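K.L.:
okay, sequence plus prediction incoming.
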Amino acid sequence: MSKKHITEKIKKLDAVKDHQEIFYLLNCHIFPWDIERALEFALFRTYAAPSISKLLSQTGEFTRRTRKRYDDTELIMYTITENGYDSPEARRAFRRMNQMHGCFPISNDDFLYVLTTFVFEPIRWIEKYGWRPLEENEKLSYFYFYREVGKRMNIKDIPDDMYEFEQFNIDYEHKNFHYSETNREIGNVTRDLVLGFYLPKFLFSLGRPFLYALMDEPLLRAFNYPKPSNFMRKITTGILKLRAKILRYFPERKEPLLGTKRNRPTYPEGYEIEELGTFKK
């Protein structure tokens with residue numbers, strides 16, 4: 001059997017009819033680490049819009065229980081990914097997510113933008129740092145999957161064309177990315193959460209330049225983070241590209257890496273979907 005047997009399987013799948021299967025295989029077999037890292041940076045991008053960061057700051061959840069909010073978001077999305085968006089488990093996840101979002105005045109444009117980051121940040125990350133590029137049907141599977149997710153979240157005006165959706169992403173960032181104190185507040189706790197996955201707290205100051213080196217200039221400006229040197233950018237991207245080259249020689253994962261089965265300090269004794277997320281007081 002080929003070391004890249006799942007990649008060969010995906011090549012035969014249809015982007016429309018088989019998009020849930022393609023999406024699952026990419027997330028749980030081929031690029032689980034890359035996609036999770038990309039979605040961490042997708043979170044940063046959403047917090048670069050003051051209308052979003054202000055709402056998160058007002059709830060207090062992200063500053064008081066940062067890891068819980070991160071785990072809750074992952075568990076809801078992994079439940080949908082691993083079971084399919086029409087499964088009983090996913091229906092429970094959508095119900096909980098919609099209950100949570102319904103408590104807060106979130107504009108449709110903000111909903112749409114967050115949805116775009118879930119589509120395009122993994123695509124962009126893998127194009128830069130993945131061990132192989134994505135095929136067109138794989139990119140389209142991301143769009144079709146999240147378009148259906150968005151419909152179940154009652155998000156309006158989702159384009160039917162992936163490239164039109166990407167243009168919305170670009171236009172939204174151009175219009176809405178600018179510095180605010182709440183951007184910085186939510187960005188800082190998220191930054192330290194991500195660093196905590198890799199480093200003890202006393203080394204955070206050494207890790208921050210590497211994190212900044214993976215951010216583009218509009219994102220850095222929105223948080224008022226220091227611009228990294230070209231040398232730091234080259235070192236950071238070089239490490240990731242070296243990792244990608246090494247992974248080309250390894251077989252693809254035979255057993256799926258499931259986010260819902262991962263040990264999480266937030267829920268040492270397990271969790272119920274209905275307990276996830278923010279509850280408005």
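P.N.:
Arrived safely.
K.L.:
going forward, measure contacts and count neighbours with C-alpha atoms only.
P.N.:
OK.
K.L.:
three-state assignment of Leu214?
P.N.:
Put simply, Leu214 is coil when judged by DSSP: H, G, I helix; E, B strand; the rest coil.
K.L.:
OK, contacts around it?
P.N.:
233, 236-237 (C-alpha atoms under 8 Å, 6 or more residues apart in numbering).
K.L.:
count the residues that sit near Tyr163.
P.N.:
12 (other C-alpha atoms under 10 Å).
K.L.:
phi first, then psi, for it.
P.N.:
phi -80, psi -30 (degrees, to the nearest 10).
K.L.:
picking that back up, among the contacts of Leu214, which lie within helices?
P.N.:
233, 236-237 (DSSP state H).
K.L.:
how close does the residue nearest the centre of the chain get to Asn27?
P.N.:
Centroid-nearest residue in the chain, with C-alpha atoms, centre = their mean: Leu39, separated by 1.9 Å. Leu39 sits 11 Å away from Asn27, going by C-alpha to C-alpha, to the nearest Å.
K.L.:
quick one: distance of the helix or strand of the chain with the lowest mean pLDDT to the chain centre.
P.N.:
Lowest on mean pLDDT, DSSP states H and E among the helices and strands of the chain sits helix 61-64, with a mean of 73. Offset of helix 61-64 from its chain centre (C-alpha atoms, centre = their mean, to the nearest Å): 19 Å.
K.L.:
picking that back up, does the residue nearest to the centre of the chain lie in a helix or a strand, and which?
P.N.:
Secondary structure assigned from DSSP states H and E places Leu39 in helix 32-47.
K.L.:
what lies in contact with the biggest helix by length in the chain?
P.N.:
Determined from DSSP H, the single longest helix within the chain is helix 108-129. Outside helix 108-129, the residues within contact range by C-alpha under 8 Å, 6+ apart are 34-35, 38-39, 41-42, 45-46, 51-52, 132-134, 139, 142-143, 146, 150, 155-156, 158, 165-166, 168-169, 172, 237, 240-241, 244.
K.L.:
distance-wise, check the residue lying closest to Ala49 once chain neighbours are set aside relative to Asn183.
P.N.:
Nearest residue to Ala49, sequence neighbours excluded (C-alpha to C-alpha, 6 or more residues apart in numbering): Phe177, at 5.1 Å. For Phe177, the distance to Asn183 equals 10 Å [C-alpha to C-alpha].
K.L.:
what residues do those two have in common as contacts?
P.N.:
By C-alpha under 8 Å, 6+ apart, the residues touching both Phe177 and Asn183 are 48-50, 222.
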